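In: just a sequence and a predicted model for now, questions to come.
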Amino acid sequence: MRVVRVLHADKIQFGKLENDQVTFFDGDPIAGARLTDQVVSLAECELLAPVEPSKAICIGMNYAAHAAEISQSVPDEPLMFFKPISAIIGPGQSIVLPHQSKRLSWRPS
């Protein structure tokens, strides 16, 4: 099942995506919401980021391949850092770098 989070008719909702059709849940599917009878075309919706967390706690250089890419060794203890929730974007949204940024690190999915 492909669960999506969308904006439809000025309301953010979760839905099940199948054959370019979205069947809405009656709430948050993680909290046990059930599917409703309301079905709309995906074209009528704006896909959003799948989650909206309050914070993002990250672990840096936690695998050898990435450390090697930047000529570093994997640290003995976890390298933790935070990202603002504005770092989470939905499909098709632009990545906006702050003016002071000099480098972007990303991984294709």
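Out: Now that the structure is in, tell me what you want to look at.
In: poorly predicted segments of the protein, please.
Out: 105-109 (pLDDT under 70).
In: domain map for it?
Out: Per automatic domain parsing, the structural domains of the chain span 2-47, 54-109.
In: isn't Pro50 up against Val4?
Out: Yes. Look at Pro50 against Val4 with CB atoms under 8 Å: they come within range, at 7.2 Å. Bear in mind the C-beta positions are built from the backbone N, C-alpha and C, glycine included.
In: show me where the protein has its strands.
Out: Taking DSSP state E as the criterion, the chain carries its strands at 2-8, 11-18, 21-25, 35-41, 46-47, 56-60, 79-83.
In: out of the ones you listed, which one sits most buried?
Out: Stretch with highest mean neighbour count among the strands of the chain: strand 21-25 (a mean of 18; mean count of other CB atoms under 10 Å).
In: thinking again about what came up before, got the strands of the chain as a markdown table, with distance to Gly92 columns?
Out: Converted to a markdown table, the strands of the chain look like this (distance: least, CB to CB, whole Å):
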| stretch | distance to Gly92 |
| --- | --- |
| strand 2-8 | 13 |
| strand 11-18 | 15 |
| strand 21-25 | 16 |
| strand 35-41 | 17 |
| strand 46-47 | 7 |
| strand 56-60 | 20 |
| strand 79-83 | 20 |
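In: now for these, which one comes closest to Leu104?
Out: Taking CB to CB, strand 79-83 is the member of the strands of the chain nearest to Leu104, at 13.2 Å.
In: so what's the gap between the closest one and the chain middle?
Out: 17 Å (CA atoms, centre = their mean, to the nearest Å).
In: other SSEs contacting it?
Out: Using 3 or more CB pairs under 8 Å, 6 or more residues apart in numbering; DSSP states H and E, the elements in contact with strand 79-83 are strand 56-60.
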